[in-house]
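Q: Could you look at this predicted model? Sequence included:
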Amino acid sequence: MKLTRFSLIFILFASLLACGPTQKDLNMKKRAEVMAIHDEVMPKLGQLKAFQKKAVQKADELAAMDSRDTARIKQLNVLEKELDQAYEGMFVWMRQYKLDEEDKTPEEIKLYLDTQLTLVSEVSTAIKDALAKSDSLLAD
């Protein structure tokens with residue numbers, strides 16, 4: 001009787017474990033999360049370049065008018081650099097992203113994807129921050 005009860009509990013426990021997501025399934029979800037962040041901000045790169053051009057033009061206009069507003073010119077120059085860094089950051093991330101699953105354990109793949117999630121999130125934040133700053137400094 002005890003053996004039967006123990007066997008039933010063991011079989012139930014084993015079947016519950018077998019139904020849970022595997023590390024491979026979790027890695028697929030993590031990969032999708034990384035790519036979703038990339039896909040969200042990638043279309044904004046054109047906007048980054050447009051704002052960068054506008055920041056340079058405004059700074060040049062102020063400098064040409066012999067403006068005493070050197071603080072504003074400096075802000076625009078800093079913004080231009082931030083926009084460029086955010087733009088380049090996406091391409092730096094894309095060049096280094098190589099998910100080679102061959103000869104890697106699911107745990108190694110998970111570690112790689114965790115790192116990539118952090119990196120692409122930083123790129124996303126840089127892009128969004130630069131665009132928000134552009135909205136405030138270029139809104140004239």
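A: That came through, no problem. Remember, it's a predicted structure, so these values are computed and weren't measured experimentally.

Q: all contacts plus neighbour counts: C-alpha atoms, from now on.
A: Will do.

Q: tell me the SS of K98?
A: Recorded secondary structure, K98: coil (DSSP: H, G, I helix; E, B strand; the rest coil).

Q: Give me the neighbour count for it.
A: Per other CA atoms under 10 Å, the neighbour tally for K98 reads 10.

Q: Need the per-residue pLDDT for it.
A: At K98, the model reports a pLDDT of 92.

Q: Could you tell me how far it is located from K54?
A: 34 Å (CA to CA, to the nearest Å).

Q: Quick check: which ranges of the protein have low pLDDT?
A: 1-3, 5-8, 10, 12-20, 140 (pLDDT under 70).

Q: And the helices in it?
A: 2-19, 23-41, 45-64, 70-96, 106-137 (DSSP state H).

Q: Put together TSV for those helices, with mean neighbour count on each row.
A: Below are the helices of the chain laid out as TSV (neighbours: other CA atoms under 10 Å):
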stretch	mean neighbour count
helix 2-19	10
helix 23-41	15
helix 45-64	16
helix 70-96	17
helix 106-137	17
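
Q: Chain neighbours aside, what residue packs nearest to E107?
A: Nearest non-adjacent residue to E107, counting by CA to CA, 6 or more residues apart in numbering: Q23, 7.3 Å away.

Q: Touching, the one you found and I109? I think so.
A: No - taking contacts as CA atoms under 8 Å, Q23 lies outside contact range of I109: 9.3 Å.

Q: give me every residue that touches R95.
A: R95 makes contact with no residue, according to CA atoms under 8 Å, 6 or more residues apart in numbering.

Q: Would you list the phi and psi of R68?
A: phi -90, psi 0 (degrees, to the nearest 10).

Q: From the structure, what's the count of residues near it?
A: Neighbours of R68 (other CA under 10 Å): 10.

Q: how close does it get to A59?
A: From R68 to A59 the distance is 12 Å (CA to CA).

Q: Over to F91?
A: F91 is 26 Å from A59, by CA to CA.
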